[in-house]
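> Quick one, what's the 3D model for this:
(2 chains)
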Amino acid sequence: MRLVRAALALGVMGLLSQPARASDDDARAWLERMSEALATRNYVGLFTHTTGRQSETMRIVHRVGRNGSTERLVSLDGSGREIVRTLSEVHVYLPDRGVVLVEPRTDQGSLSKALPAPGPQFDALYEMRISDGNKLLGRKVRVLDIRPRDAQRYGYRLWLDEETAMPLRTVVADGRGRPIELINFTQLDMPRKIDSKEIEAAVDAAGFRWVRSARPPPEPRPMMAGWRPTRLPPGFRLVASRTQVIPGVALPVQHLIFSDGFASISVFIEPGSPSGPAPSQASSVGSAHAFSTLVGGHVVTAVGEVPLETVRDVATSVVPVQIPQPPPGVSR
Amino acid sequence: MTDRIREQMSALLDGELPGDEMGLLVRRLERDEQLRRAFGNYVLAGEALRSPSGPLASARFAAKVSAAIDAGTVEVPQVRPARPAPVRWARPAIATAVAASAAVVAVLLVKPAMQETAVVAGGAVQQAQRALASLPIITESSPTPAHSQRLAGYLMAHSQFAGAIGRRNVWSSVLASDPGITRASYEFAETP
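Prediction:
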């Protein structure tokens, strides 16, 4: 826990005052190395996740196989809850409730290719710096600062293993450099092979209720649906839209996904109902925020790992629009 | 639970547990629900003692809550922020994991500005759990079950489009904070 407090303090100091000691090109290269490492490496680790005054210990297993990556995240504090991402689905095990939630895995295919890569446009939104850092877990690290140039998105400070570019510590900070979320690894191994059994949930789900969405969502397509926010932070653009079924929502909803190349915001539009949420509700969990409001008899909710003000501005600016559907095979 | 286990859990939280012992402890935590609960209490108590976020509630207030637990009623803090603030989803993960005695420890985390109270009747343990679940809420009204359930679904859907760092952060928050995923029954097809 001393480490956690120290990391939080470092996050504040670093995001506010870290001097530039290397070029943006170097920083961008480290960001790309990190993204590749997270996607392509096997790793098993323990980390603490701290938000506000709460701290939880988690174990993560990431396995890269012939057909893609799978992942398992389990809480070691009390509940024993787990999330397992298989090649095709995401399973959320809630042993304290005897429930397993199942959602189709949707991060494959065209969307990942549609996300904007860091480049000149990215540089206009974020300032990046790479610098030397002290050792973590016995490894030499480089410290990557990603500082937003406005207050509409968050900043990040990442302690990257010099050899592999794996993030050993991550601090999310608001526009004033105040840390709001910390992930700090206390153990990280990167074995050549991980047994597939390591991805299996430890929870005995016999007798649990398995709750699935009513139907799989269609493949994400970068086309505009019948709704559009009129206010978006600079740099955010629509990267996909789809109609999908959300557990807990009676009717299919429109899901629009916007990204600035690093942060993302989802906008959900669902037909309003008497049991729907009251207008203008704000919620937060970790560094993610959500804001719901009523627009033309529909419940519009913006969700993202951005400040509350940002999701509020986006949600309250959504209006119905008439945009012709692009012909098949044509992406916007 | 042995002193050795306690020492290992403390070292784990401080990042000072040797790798071989860490592996053994983690495997035991994954298998042993009772140990996980003890670990949850340990984290909670450690957080209270270390209090990284602001002033503690008064000892008198904690004593009142303790007495209420003993009497079968618990005083639940009703928060009245000076300006609108986002809803913090409650944490049944803690609520279901800790014993009534831990409620007093958790109440120590409540800031003085959050101490206006209302009495809730009911069984001691259940009410202590409700008190714990209510602590993180920092707005005048809690989200309805339908509202939090909807948001939980949105959060999971959104996380699949986030980057690796963002997804990990969101998932960790979902496991830790339970944004209402289990607060209401689901309406869709179930498989055995």
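> Run a quick neighbour tally on A:R242.
21 (other Cβ atoms under 10 Å in any protein chain shown). C-beta: built from backbone N, CA, C; applies to glycine.
> That one bridge partners, please.
On the basis of DSSP bridges, A:R242 is bridged to A:H255.
> So, low pLDDT: which residues of chain A?
Within chain A, the stretches with pLDDT under 70 are A:1-24, A:52-53, A:78, A:107-119, A:213-225, A:247-250, A:273-279, A:323-332.
> Go again with 50.
A:1-22, A:108-116, A:216-217, A:219-225, A:329-332 (pLDDT under 50).
> Pull the contacting residues for the nearest residue to A:L38 once chain neighbours are set aside.
In this structure, A:L38 finds its nearest non-sequential neighbour in B:A164, 4.0 Å apart by Cβ to Cβ, 6 or more residues apart in numbering or on different chains. When contacts are counted by Cβ atoms under 8 Å, 6 or more residues apart in numbering or on different chains, B:A164 touches A:35, A:38-39.
> Then A:H62?
By Cβ under 8 Å, 6+ apart, A:H62 lies in contact with A:38, A:41-44, A:69-71.
> Apply 10 Å and report the result again.
Taking Cβ atoms under 10 Å, 6 or more residues apart in numbering or on different chains, we find A:H62 in contact with A:38-45, A:69-73, A:85, A:166, A:190, A:194, A:198-199, B:164, B:168.
> Next step: those residues restricted to strands.
Per DSSP state E, strands hold the following members of the contacts of A:H62: A:43-45, A:69-73, A:85.
> Pull up the gap between the closest residue to A:A263 other than its chain neighbours and chain B, please.
Excluding its sequence neighbours, the residue lying closest to A:A263 (Cβ to Cβ, 6+ apart) is A:R153, at 4.8 Å. Computed as Cβ to the nearest Cβ, to the nearest Å, the A:R153 to chain B distance reads 11 Å.
> Next up, identify which helix or strand A:E163 is on.
Using DSSP states H and E, A:E163 sits within no helix or strand.
> Got the phi and psi for A:R312?
phi -70, psi -50 (degrees, to the nearest 10).
> thinking it is in contact with A:H289, fair?
Yes: between A:R312 and A:H289 there is a contact at 8.2 Å, judged by Cβ atoms under 10 Å.
> re the thing from before, how close does the residue nearest to A:A263 sit to B:V26?
Distance, A:R153 to B:V26, by Cβ to Cβ, to the nearest Å: 35 Å.
> lowest-confidence helix or strand of chain B?
Of all helical and strand segments in chain B, the minimum by mean pLDDT, DSSP states H and E falls on strand B:117-121, at a mean of 26.
> Could you count how many residues lie near A:Q254?
A:Q254: 18 neighbours (other Cβ under 10 Å).
> Confirm that A:M58 sits in a strand.
Yes: counting by DSSP: H, G, I helix; E, B strand; the rest coil, one finds A:M58 located in a strand.
> these two touch, right, it and A:S79?
No: with contacts counted by Cβ under 10 Å, A:M58 stays clear of A:S79, the gap being 11.4 Å.
> Please identify which of the two sits among more neighbours.
A:S79 (28 against 24).
> Which residue of A:R312 and A:H289 possesses the greater neighbour count?
A:H289 (23 against 20).
> give the contact list for the more buried one.
A:265, A:282-283, A:302-312, B:86-87.
> Buried among those residues? Need that as a selection in ChimeraX.
The buried residues among those can be selected in ChimeraX (16 or more other Cβ atoms under 10 Å in any protein chain shown) with this line:
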select /A:265,282,283,302,303,304,305,306,307,308,310,311,312 /B:86,87
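> From the contacts of A:H289, which land in helices?
The helices, defined by DSSP state H, take in A:308-312 from those.
> distance of the residue nearest to A:L38 from A:R169?
Counting by Cβ to Cβ - B:A164 and A:R169 are separated by 15 Å.
> Likewise for A:R147?
17 Å.
> The two: who's more crowded?
Neighbours per residue (other Cβ under 10 Å) separate A:R147 from A:R169, with A:R169 holding more: 24 against 19.
> Tell me what that one is bridged to.
As for beta bridges, A:R169 partners with A:W159, A:N184 under DSSP bridges.
> That one touches A:R157, doesn't it?
Yes: taking contacts as Cβ under 10 Å, A:R169 lies within contact range of A:R157: 8.1 Å.
> ok, and the closest non-adjacent residue to A:R85?
Nearest in space to A:R85, with sequence neighbours left out and distances taken as Cβ to Cβ, 6+ apart, is A:E71 at 4.3 Å.
> Could you check how far stretch A:77-94 is from the centre of its chain?
Here stretch A:77-94 is found 16 Å from its chain centre; the criterion is Cα atoms, centre = their mean, to the nearest Å.
> And stretch A:136-146, by the same measure?
Its chain's C-alpha centre and that of stretch A:136-146 lie 21 Å apart, by Cα atoms, centre = their mean.
> Got the phi and psi for the residue lying closest to A:A288 once chain neighbours are set aside?
Distance criterion Cβ to Cβ, 6+ apart; nearest residue to A:A288, sequence neighbours excluded, is A:E305 at 5.0 Å. Main-chain torsions, A:E305, degrees, to the nearest 10: phi -90, psi 60.
> My read is that A:E305 contacts A:S264, right?
Yes: in this structure, A:E305 is within contact of A:S264 by Cβ under 10 Å, at 7.3 Å.
> Which residues are in contact with each of the two?
Residues touching both A:E305 and A:S264 (Cβ under 10 Å, 6+ apart): B:158-159, B:162-163, B:166-167.
> Near chain A, list only the ones from those.
B:158-159, B:162-163, B:166-167 (Cβ under 10 Å from any Cβ of the partner chain).
> Quick check, B:V26 in contact with A:I60.
No: B:V26 lies out of contact with A:I60 (Cβ under 10 Å); the separation is 11.3 Å.
> what residues are shared contacts of those two?
Shared contacts of B:V26 and A:I60, defined by Cβ under 10 Å, 6+ apart, comprise A:44, A:46, A:74.
> and chain B, which of the residues you listed contact it?
A:44, A:46, A:74.
> Now list the buried members of those.
Counted by 16+ other Cβ under 10 Å, these give A:44, A:46, A:74 as buried.
> Got phi/psi on A:G138?
According to degrees, to the nearest 10, A:G138 has phi 80, psi 10.
> what number of residues lie near it?
Residues near A:G138, counting by other Cβ under 10 Å: 5.
> Quick check, the residue in the stretch 201-332 of chain A closest to chain B?
Closest residue of the stretch 201-332 of chain A to chain B, Cβ to the nearest Cβ: A:G286 (3.2 Å).
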